[in-house]
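J.: Give me coordinates for this.
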Amino acid sequence: MRLLDPLERRIVAALQLDGRSPWRRIAEVLNEPERTVARRGTELLDAKLVQVAALRPQATSVILRVQSAPGTTRAAANALAQRRDSTFAYTMTGGVDCVAEILTRRERMPALLTDEVPGTVGLVRAVSYPVLRYFRTIRGWQPDLLTHVEASALSAGVTNDTWTLQPPLRLSTVDNEIVGALCRDGRVSCERLARLAGVSNATARRRTDWLLQNNHVYIRAVVEPASVGLPVEAFLWIRSEPHKVEAVGRELAASPLVRYAAAVAGDYQIVANVTAKDSAALYACVTSAPWVAHTKSIDISLLLGAFKRGGRVLNPAHA
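T.: Presented below is the predicted three-dimensional model:
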């Protein structure tokens with residue numbers, strides 16, 4: 001994974017705040033030449049070092065901890081990554097070989113957990129953790145790459161981390177065309193959306209704004225943490241007293257090191273994905289951060305390879 005240079009990191013951070021922001025606006029806020037920002041940003045997107053795409057909401061989400069037979073871990077992770085309903089799939093250290101998240105309809109959960117997941121190649125055992133509440137998703141992950149003034153200027157209400165588990169609304173044909181195009185490319189132009197949906201540019205822009213503002217589709221920028229100087233990544237499996245779960249979750253969500261945090265049902269109360277510049281920083285995170293005082297125990301699994309992030313299957317070279 002290539003380490004991004006300072007300007008590339010700032011462009012990525014801008015896209016994390018507003019994945020559909022025009023290069024002109026990003027250049028103005030970053031105080032950089034528009035031509036340079038457009039060229040460098042386009043290169044990042046073309047090389048898939050950052051990907052901007054949308055995700056449809058679903059009513060149910062479940063995190064899977066998978067143990068696989070010897071020699072089959074990569075195959076199991078790849079099988080989970082190839083599922084259209086999975087959002088991430090990672091190989092891990094410790095007592096868990098793979099971790100994945102699946103978004104689905106509530107009525108599909110029994111078949112998913114009793115029929116489909118057990119048939120995953122190489123799977124020996126899988127433990128499911130239904131998500132009860134999100135404290136942070138990658139849509140809201142913002143490592144400290146911009147100043148407060150820059151971040152405030154670029155923040156868009158439609159990319160705030162307001163993910164809630166909800167059944168997808170039955171959309172019109174036009175809206176479904178727009179959502180489908182955004183899921184393929186979050187920066188697709190309104191002109192292109194208008195052509196795909198067979199409507200005017202003004203209608204395409206208005207419908208896109210409505211879909212985003214009402215959380216019928218979620219835009220997010222996907223980037224490898226290692227490329228922005230955070231190569232150490234871990235999953236934290238946290239046990240906490242029930243009345244302290246909310247406080248722990250909110251404090252986790254306030255940290256720029258936390259990419260993902262959710263309250264779950266099962267023998268853990270919270271699952272969190274954290275990043276750090278080195279092992280010492282990860283150690284500090286799990287021993288001296290304020291939220292640690294509210295926990296009963298923390299199990300740590302280091303991430304070995306990412307096969308899918310944010311609903312985007314990654315190049316095998318990244319895994």
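J.: who touches Tyr208 in this structure?
T.: Heads up, residue 208 is Thr, not Tyr. Listed by C-beta atoms under 8 Å, 6 or more residues apart in numbering, the contact partners of Thr208 are 178, 182, 190, 193. (C-beta placed from N, C-alpha, C; glycine too.)
J.: Just give the nearest non-adjacent residue to the second one, would you?
T.: By that I understand Leu182. Spatial nearest neighbour of Leu182, excluding adjacent residues (C-beta to C-beta, 6 or more residues apart in numbering): Ala54 at 3.8 Å.
J.: Using the three-state scheme, assign the one you found.
T.: Secondary structure, DSSP: H, G, I helix; E, B strand; the rest coil: Ala54 is strand.
J.: Return the residues in contact with it.
T.: Contacts for Ala54 (C-beta under 8 Å, 6+ apart) come out as 179, 182-183, 186, 217-220.
J.: Show me these that map onto helices.
T.: Those of these mapping onto helices are 179, 182-183, per DSSP state H.
J.: May I see those residues organised as CSV, with pLDDT and distance to Gly119 added?
T.: What follows is the ones in helices among the contacts of Ala54, written out as CSV (pLDDT from 0 to 100; distance: C-beta to C-beta, whole Å):
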residue, pLDDT, distance to Gly119
Val179, 94, 30
Leu182, 95, 31
Cys183, 93, 26
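J.: By neighbours, which of those residues wins?
T.: Highest neighbour count within the ones in helices among the contacts of Ala54, by other C-beta atoms under 10 Å: Leu182, with 25 neighbours.
J.: my guess is it contacts Ile219, does it?
T.: Yes - taking contacts as C-beta atoms under 8 Å, Leu182 lies within contact range of Ile219: 6.9 Å.
J.: Give the residues shared as contacts by these two.
T.: In contact with both Leu182 and Ile219: 53-54, using C-beta under 8 Å, 6+ apart.
J.: ok, Ile178 to Arg312 distance?
T.: Counting by C-beta to C-beta, to the nearest Å, the gap from Ile178 to Arg312 is 19 Å.
J.: The two: which is more packed in?
T.: Ranked by neighbour count (other C-beta under 10 Å), Ile178 and Arg312 place Ile178 first, with 29 against 17.
J.: What distance do you get for the more buried one to Gly198?
T.: 11 Å.
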